[in-house]
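> Based on what follows, work out the 3D shape:
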Amino acid sequence: MSSDLFIASPPPRRGFFARFAKAAAKVPNGLRVYAVGDIHGCSGQLAQLLRAILEEPWHGDKYLIFLGDYCDRGPDTKGVIDRLLALRPGVRACFLKGNHDQTLLDFLDDPSVYRLWSGFGADQTLASYGVAPPESLDDCALRDARDRFAAALPPQHRRFLKNLSPSTRVGDYFFVHAGVRPGVALERQTDEDLLWIRDEFLMATAPFGAVVVHGHTPSEAPVRRANRIGVDTGAYLTGRLSAAVLEGDDCRFLFA
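Residues are numbered from 1 along each chain as shown. Predicted coordinates for the structure are as follows:
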């Protein structure tokens, strides 16, 4: 089943900031957090957004938090991971795990996972590493594709994917790929929900214990609610990659 559910909303104008009213949630003084939405193999948009982030004037510390789903859908998963691994020294960053990233790892362990993964971007990821998709869905063909992909995947890419974090918290914000299960304390959330949850989380109106900043569910513009901020703007569909910029008790959005 596809992991994507595109929710339409008015698109932002490229190159402009969107600013919203201040909320009670805050990050520590002197820190500016950039939470980057789902990249999905769109290395060109990532390069533009990183350039904008790193060139923004700021006298304090910048902290880049990537919300997962680096692979699939778009054409250049390999380029995305290469670019993230090449972030210049001194750039403080946290890389979270998305459901697509976990599925890639699952395929390496179990070739039959391709039958699921093929529905949401496996072939684009394989192609970015120069690997042809399996000729059929029989077990032998899937094992062969897995072995060819495992040989083509650079060791540093595998380490990057295996070391992704499930979540992180900064000040009054909780950062995660998909969302959290309502009614469950943040420290007791399961990896399954952190990577895959959708409707129960998106429909919840009660506080979660922190403002949850997430990706996973694409929309044409970022979503701002009292209890959550969604920054997946469907880069592989819309050509727009977004970041929520959190500073003090202010929130704005940056687009590439």
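
> C-alpha only now, for contacts and for neighbours.
Noted.

> roughly how far apart are the residue nearest the centre of the chain and Cys140?
Geometric centre of the chain, nearest residue: Gly68, 2.7 Å, by C-alpha atoms, centre = their mean. Distance of Gly68 to Cys140, given as C-alpha to C-alpha, to the nearest Å: 31 Å.

> Run through who's touching stretch 139-157.
With contacts defined as C-alpha atoms under 8 Å, 6 or more residues apart in numbering, stretch 139-157 is touched by 81-82, 107-108, 111-112, 114, 126, 129-136.

> Report the contact partners of the spatially closest residue to Lys62 that is not a sequence neighbour.
Leaving out its chain neighbours, the residue that sits closest to Lys62 by C-alpha to C-alpha, 6 or more residues apart in numbering is Arg32, at 4.9 Å. Counting by C-alpha under 8 Å, 6+ apart, Arg32 makes contact with Gly60, Asp61, Lys62, Tyr63, Val245, Leu246, Glu247, Gly248.

> And the one helix or strand Gln102 maps to, what's buried?
Per DSSP states H and E: Gln102 is located in helix 99-109. Residues Asn99, His100, Asp101, Gln102, Thr103, Leu104, Phe107, Leu108 are the ones in helix 99-109 that count as buried (16 or more other C-alpha atoms under 10 Å).

> still on that earlier bit, hang on, the residue nearest to the centre of the chain packs against Gln102?
No: using C-alpha atoms under 8 Å, Gly68 is not in contact with Gln102; the gap is 9.7 Å.

> related to what we said a few turns ago, which one of the buried residues of helix 99-109 is nearest Thr238?
Comparing those against Thr238 with C-alpha to C-alpha places His100 closest, at 18.7 Å.
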